[in-house]
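In: Give the three-dimensional model of this entry:
(one chain, ligands or ions: 1)
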Amino acid sequence: MSNQLKVLIFDVDGTLADTERDGHRVAFNNAFAQMRLDWHWSTDLYGKLLAIAGGKERLKFYLEQYQPDWQTEDLTEFIVQTHQLKSQYYQSLLQQGAIPLRVGVKRLILEARAQGIRLAIATTSTLSNAKALLETTLDPSWFEVIAAGDIVANKKPEPDIYHYVLEQMKIAPEHCLVFEDTAHGLQAATQANLKTIVTVNEYTKNQDFNDAILVVNQIGEEESPLNIIQGKTHHTKYLNINYLQKIIGNRE
Ligand code: XBP
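Out: Alright, predicted model coming up:
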């Protein structure tokens with residue numbers, strides 16, 4: 001018996017949109033400038049900082065590794081305040097429409113809704129930041145569960161956020177498919193026994209995706225077809241629900 005696809009679970013940053021390079025990074029730099037801090041995160045440096053998941057955790061790591069002599073009275077308070085300011089800048093970038101969805105994301109989500117496939121979000125981002133992206137590009141109410149940020153004890157690559165989604169939706173992992181863009185995200189989903197499709201981006205394209213069932217450059221559209229990077233060569237220009245059903249059912 002093949003498994004039936006019932007749920008799609010999406011990571012947010014880098015998967016739904018290129019929010020890391022064009023959003024979070026830019027917003028952190030804006031916050032540093034407003035706070036008169038002489039720090040700038042280039043796209044290259046940000047690529048290294050992405051090794052640490054979570055904006056607050058990433059800032060702490062940066063201070064330890066790159067500004068070891070810089071001091072403040074209350075580090076925790078500093079991180080919280082800087083992150084709040086950064087989130088304001090991030091959300092205003094979204095409101096300006098500065099960060100579009102990746103190719104094929106909206107079509108696939110609309111198709112899933114039309115076919116009664118349930119939807120969820122599993123992200124390391126702060127809830128307000130994740131919701132802001134959904135509000136400006138899709139609709140948060142389309143997602144039965146929006147699991148984000150500090151809701152679980154351990155962020156990706158630990159599987160906690162995926163376990164949380166499965167529990168909330170009362171669904172077995174074999175009926176779900178995950179979309180991720182990073183090795184950390186893939187590791188988190190795999191540890192929760194979830195099959196994962198990876199849509200790589202510039203930051204993640206050289207990472208190890210051995211555990212993915214499929215690795216592509218994007219979900220794709222008729223006029224902007226996908227490239228298969230790893231996995232069986234299926235003849236398709238873009239991912240649709242019928243195709244995902246075949247993948248999950250191991251029927252191709
Ligand atoms: C992305 C992250 C987040 C964002 C910043 O994780 O690691 O930290 O970079 O978001 P995912 P916050 O791929 O799981 O979405 O500043 O809101 O933490």
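In: So what's the residue count around F179?
Out: Residues near F179, counting by other C-beta atoms under 10 Å, number 24. Yep, even glycine has a C-beta here, placed from its N, CA and C like the rest.
In: That one and T196 touch, don't they?
Out: Yes: the pair formed by F179 and T196 meets the contact definition of C-beta atoms under 8 Å, at 7.4 Å.
In: show me the contacts for I247.
Out: Under the criterion of C-beta atoms under 8 Å, 6 or more residues apart in numbering, the neighbours of I247 are L177, K195, I197, I213, L214.
In: ok, now Q187?
Out: Neighbour list for Q187: K156, P157, D211 [criterion: C-beta under 8 Å, 6+ apart].
In: 7 Å instead, please
Out: Contact criterion C-beta atoms under 7 Å, 6 or more residues apart in numbering gives P157 as the residues in contact with Q187.
In: Spell out which helix or strand contains it, please.
Out: Counting by DSSP states H and E, the element that carries Q187 is helix 183-191.
In: Can that helix be said to contact the ligand?
Out: Yes: residues of helix 183-191 are located near the ligand by C-beta under 6 Å from any ligand atom, namely G185.
In: I'd like the distance from that helix to the chain centre, please.
Out: Between the mean C-alpha point of helix 183-191 and the mean C-alpha point of its chain there is a distance of 11 Å (C-alpha atoms, centre = their mean, to the nearest Å).
In: Just after that helix, pick out the following helix or strand.
Out: Helices and strands here follow DSSP H and E; after helix 183-191, the next one along the chain is strand 195-199.
In: Mind giving me the packing neighbours of the helix or strand just after that following strand?
Out: Later in the chain than strand 195-199, the nearest helix or strand by DSSP H and E is strand 214-216. The contact analysis (3 or more C-beta pairs under 7 Å, 6 or more residues apart in numbering; DSSP states H and E) places strand 214-216 against strand 195-199, strand 228-230.
In: Partner strands of the first one and their direction?
Out: What that stands for is strand 195-199. Sheet neighbours of strand 195-199, with direction, are listed as strand 176-180 (parallel), strand 214-216 (parallel) (DSSP bridges).
In: quick one: that strand to helix 183-191, angle?
Out: Between the axes of strand 195-199 and helix 183-191, defined by axes from the mean of the first three to the mean of the last three C-alpha atoms, to 10 degrees, the angle is 160 degrees.
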